[in-house]
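*Asks:* Give me the fold of what follows.
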Amino acid sequence: MNQTNDTLLLQQMLRIRLVEEEIAIRYPEGKIRCPTHLSIGQEAVAAAVGLALRKDDLAVSGHRAHAHYLGKGGNLPQMIAEIYGKATGCSGGKGGSMHLVDESVGFVGSTAIVGGTVPVGVGLGYGIKLKGTDQVSCVFHGDAVVEAGVFAESVNFAALKSLPVLFVCENNLYSVYSPLHVRQPAGREIWRMAQGMGITARHCDGNDAAAVYACVTDAISSIRAGNGPVFLEFATYRWREHCGPYYDNDIGYRSESEFLEWKARDPIPRLEAALLRDGMISHADIEQMLDNIRSEIAAAFEAADAAPFPLAEEAFTHLYAQ
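*Replies:* Residues are numbered from 1 along each chain as shown. Next up, the predicted model:
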């Protein structure tokens, strides 16, 4: 990576973190009109993948999609308006947090159905191959998605047709309150399972932003060269509850000590420290970055609060494609 990319990577991680922290702060006000699944602690993957992809590359995601949408360049005011249920939202205020879309930057959509966008992303890859372009289709998903039948079917098809698909698995160890050991057999490594299905696969530290970026850029270069799909598994950890703005270490499915161990690996100060040590950024630069991001976020929430709700007669529009 170069200095510009390093700085952009830090900026994007900070932006994603501050947006989601502001959502958590404002959620109890009752103006956010949908469930929210935050990815605080997991920012390195979304930021690095978004930086590595081109604007004309395509991406899809699942229920924990804020970071992926923002990393790909999705419009922030439209996202905030969407979770407020406002007409100016990216889905017209009718989709909420789990149904984000910004086709202008190649973010094709997200859905609440676990694994639901995996075949969509593979289908997008098939379309790219038929058109003969060098675009990439990126499928963001979690560790629980690999337990769904549609995942195996999609990976098989992507391998069979040598499609330009990048599977990005964020393994944060839990599906709601269920740890890996109650869902998958002992000794399984997800990336090796994908490798056994006939595609190139790698494992990477999802809390090392520079390493994530390097891993992703290598994968994308391979895909653009016509070498078929790539599966990347990133070890990471969500700090907050599965759904909602709070912490839930007290309810018994995970321990406070485990949480603190992962929190100590926070990807943001890890990259900040490296940039400061190498003289690539100053404390003043970071403060200016934070001020700019906070101003942008405040404006987005103010606009969402002031925006109108959708008209009642629009409730049954956009149910079917034109």
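*Asks:* mind checking the SS state of the residue nearest the centre of the chain?
*Replies:* The C-alpha lying nearest the average C-alpha coordinate of the chain belongs to residue 68 (Cα atoms, centre = their mean; 2.9 Å). Judged by DSSP: H, G, I helix; E, B strand; the rest coil, the three-state class of residue 68 is helix.
*Asks:* For residue 71, which non-adjacent residue is closest in space?
*Replies:* Nearest non-adjacent residue to residue 71, counting by Cβ to Cβ, 6 or more residues apart in numbering: residue 50, 2.8 Å away. Glycine gets a C-beta too; all of them are placed from N, C-alpha and C.
*Asks:* And the contacts of the helix or strand hosting that neighbour?
*Replies:* Taking DSSP states H and E as the definition, residue 50 sits inside helix 43-52. Applying Cβ atoms under 8 Å, 6 or more residues apart in numbering, the external contacts of helix 43-52 come out as 5, 8-9, 12-13, 16-17, 39, 59, 67-68, 70-73, 138, 140, 166, 168, 170, 206-209, 212-213, 216-217, 220, 234, 236, 267-268, 271.
*Asks:* Which of those residues are buried, as a ChimeraX select command?
*Replies:* Typed into ChimeraX, the line below selects the buried ones among the contacts of helix 43-52, using 16 or more other Cβ atoms under 10 Å:
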select :8,9,12,13,16,17,39,59,67,68,70,71,72,73,138,140,166,168,170,206,207,208,209,212,213,216,217,220,234,236,267,268,271
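*Asks:* Filter the contacts of helix 43-52 down to just the ones in helices.
*Replies:* Of those, the ones assigned to helices by DSSP state H are 5, 8-9, 12-13, 16-17, 67-68, 70-71, 209, 212-213, 216-217, 220, 267-268, 271.
*Asks:* So which bits of stretch 84-94 are buried?
*Replies:* Here stretch 84-94 shows 84, 85, 86, 88, 89, 90, 91, 92, 93, 94 as buried, counting by 16+ other Cβ under 10 Å.
*Asks:* could you measure residue 207 against residue 257, distance?
*Replies:* 17 Å (Cβ to Cβ, to the nearest Å).
*Asks:* typo on my end, residue 141
*Replies:* For residue 141 relative to residue 257 (Cβ to Cβ), the value is 28 Å.
*Asks:* Compare these two (neighbour count), which wins?
*Replies:* The neighbour comparison of residue 141 against residue 257 (other Cβ atoms under 10 Å) goes to residue 141, with 25 against 9.
*Asks:* Touching, the more buried one and residue 170? I think so.
*Replies:* Yes - look at residue 141 against residue 170 with Cβ atoms under 8 Å: they come within range, at 7.5 Å.
*Asks:* OK, contacts around the closest residue to residue 140 other than its chain neighbours?
*Replies:* With sequence-adjacent residues excluded and distances taken as Cβ to Cβ, 6+ apart, residue 140 is closest to residue 61, at 4.1 Å. By Cβ under 8 Å, 6+ apart, residue 61 lies in contact with 68, 69, 100, 107, 109, 110, 117, 140, 141.
*Asks:* My read is that the second one contacts residue 108, right?
*Replies:* No - using Cβ under 8 Å as the test, residue 69 is too far from residue 108 to be in contact (10.6 Å).
*Asks:* now the strands: where do they sit in the stretch 151-300 of the chain?
*Replies:* For the stretch 151-300 of the chain, the strands defined by DSSP state E, counting those that start in this stretch occupy 165-171, 174-175, 178-179, 200-205, 230-235.
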